[in-house]
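**Student:** Return a 3D structure for these sequence lines:
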Amino acid sequence: MHNFKPIKQIKASSEVGQQLKNAILGGDYKAGDKLPSERELIELFQVSRTVVREAIKSLEAGGLVEIRQGATGGAFVKHLTFERLSDACHDMFMMGKLSLPELCQARILIEPQVTRMAAKNCTPTQAIALHEALRHENDSHAYPDTVALRSEVHYLLAEMSGNRFLEAIVKSLLILLKNQTIKFEPPTDEIHPLGLHDAIVQAVIEKDEAKAEAEMLAHLEDFNSRLKEIERRYIKRQSDS
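**Tutor:** Got it, this is the predicted structure:
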């Protein structure tokens, strides 16, 4: 006789959460959009306030929405970046299943090709965005604000690649790199001096695919060398203290 399994009744909150999740992933609600209010959801699903709140909490835990307080608050759809992917990788770091050298190697294998694609696709509007990112790289020397400013070019290039999967990978790698190296607190101009992106951006805007790829490769090799030295000094400080 076939080994049938008992039927489990699905919780109402799980069903509500799944329907909302499907609506988000299906594009009915885009990043930044506000979900219907708690009262509206109660009426739409014909369920209790508790059920709706449990459903929203499950979406928040899954990284799909963020809860904002106040008169204009509510549940807002998050950008489905890359935080979820980087969070999973962070757990693997904590378990010793991933290392910083592996992360740096992945960037060297992926980002130069992504930059080549960005050069091929670059539009006048995107060129302006790249120039703006360069212009603001030195707006702050406070750590870790400076990390975000000097990573913006990488984020833009990922978006310009035209490949959403590669975009997600690159952005996840950048988030993961920031999370894994923030403890080093290196001087900004030591790990990432101003101007390192200039040649990359110029090649991309000129649509010189080969040069854009080569400049990104050279930049990452230089950055990884700097990061390795900074990590070495950090480990030494830890052992001496």
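
**Student:** Phi, psi for the nearest residue to residue 219 once chain neighbours are set aside please.
**Tutor:** For residue 219, ignoring the flanking residues on the chain, the nearest one in space by C-beta to C-beta, 6 or more residues apart in numbering is residue 196 at 5.6 Å. C-beta coordinates here come from the backbone N, C-alpha and C atoms, glycine included. Phi and psi for residue 196, reported as degrees, to the nearest 10, are phi -70, psi -20.

**Student:** Enumerate every residue touching residue 196.
**Tutor:** 150, 219, 222-223 (C-beta atoms under 8 Å, 6 or more residues apart in numbering).

**Student:** what's the most distant pair in those?
**Tutor:** Distance extremes for those: the farthest pair is 150 and 222 at 13.4 Å, using C-beta to C-beta.

**Student:** of those two, who's got more company?
**Tutor:** Remark: of residue 150 and residue 222, residue 150 carries more neighbours, 22 against 13, as counted by other C-beta atoms under 10 Å.

**Student:** ok, now how distant is that one from residue 174?
**Tutor:** The gap separating residue 150 from residue 174 is 11 Å, by C-beta to C-beta, to the nearest Å.

**Student:** Show me the helices in the chain, by range?
**Tutor:** 12-25, 38-45, 49-61, 83-94, 100-121, 124-135, 145-149, 152-160, 164-181, 188-191, 198-205, 209-240 (DSSP state H).

**Student:** in this protein, what secondary structure element scores lowest on mean pLDDT?
**Tutor:** Ranking every helix and strand in the chain by mean pLDDT, DSSP states H and E puts helix 83-94 at the bottom, with a mean of 64.

**Student:** Any chance of TSV for the contacts of residue 196, columns distance to residue 74 and pLDDT?
**Tutor:** Below are those laid out as TSV (distance: C-beta to C-beta, whole Å; pLDDT from 0 to 100):
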residue	distance to residue 74	pLDDT
150	34	86
219	41	96
222	45	93
223	40	91
